[in-house]
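Q: Any chance you could fold what I've pasted below:
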Amino acid sequence: MSDFDAVALAQFNKDVNSWARQVRAKIAAGAAKASQDRTKDRKFTPTSENITFKVENFYGIPKKIRFAMPPKGIFMEYGVGRGYPRPMVKSGTAKFKGFGKEGRKERPFVRPVLSTNIEALKNIVEKAFSKFAESSVKVGIETKDGKG
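A: Model (predicted):
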């Protein structure tokens with residue numbers, strides 16, 4: 001770990017946090033759009049305050065990015081609720097008068113954002129770890145007797 005360039009590591013942390021902040025904003029915008037067609041008493045109003053992220057580090061290197069939101073957001077993502085499990089929603093048998101003729105349906109707003117933005121995170125990680133590998137790989141030349 002000591003071979004890593006401190007400036008490159010700080011930039012990597014900054015880039016990962018920036019990516020997570022941008023994705024959080026896109027998830028909040030997608031949730032607001034997905035919640036527009038719900039009834040008023042069941043409306044989930046997402047903001048940047050209730051959709052959060054946390055970057056977990058391992059010895060200063062970002063290891064995991066966690067997004068969190070109230071349970072209502074996840075229920076809306078999958079179209080589930082009390083008495084309406086996911087298989088019932090997927091098969092289209094979850095009919096409820098408050099959800100119109102089509103019944104309950106998934107309103108994905110997290111999965112599409114993550115799938116479209118994961119490539120950018122991959123590029124950030126590749127760029128950073130190529131710098132880390134470049135600084136940590138050492139080449140040595142030895143003689144055949146091992147004294148070199």
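Q: Tell me which stretches of the chain form helices.
A: With helices called from DSSP state H, the chain shows them at 6-34, 71-78, 86-91, 111-136.
Q: weakest of those in terms of mean pLDDT?
A: Among those, helix 86-91 carries the lowest mean pLDDT, a mean of 63.
Q: For F109, what are phi and psi?
A: phi -130, psi -10 (degrees, to the nearest 10).
Q: could the helices of the chain go into CSV alongside distance to T143 and mean neighbour count?
A: C-beta coordinates here come from the backbone N, C-alpha and C atoms, glycine included. Formatted as CSV, these follow (distance: least, Cβ to Cβ, whole Å; neighbours: other Cβ atoms under 10 Å):
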stretch, distance to T143, mean neighbour count
helix 6-34, 34, 16
helix 71-78, 63, 18
helix 86-91, 65, 13
helix 111-136, 25, 14
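Q: need those in a markdown table with distance to F58, can you?
A: Supplementary listing: those in a markdown table, determined by distance: least, Cβ to Cβ, whole Å:
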| stretch | distance to F58 |
| --- | --- |
| helix 6-34 | 12 |
| helix 71-78 | 27 |
| helix 86-91 | 33 |
| helix 111-136 | 13 |
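Q: Of those, which is nearest K54?
A: helix 6-34 (8.4 Å; Cβ to Cβ).
Q: helices or strands next to the closest one in the packing?
A: Where contact means 3 or more Cβ pairs under 8 Å, 6 or more residues apart in numbering; DSSP states H and E, helix 6-34 is packed against strand 52-58, strand 61-68, helix 71-78, helix 111-136.
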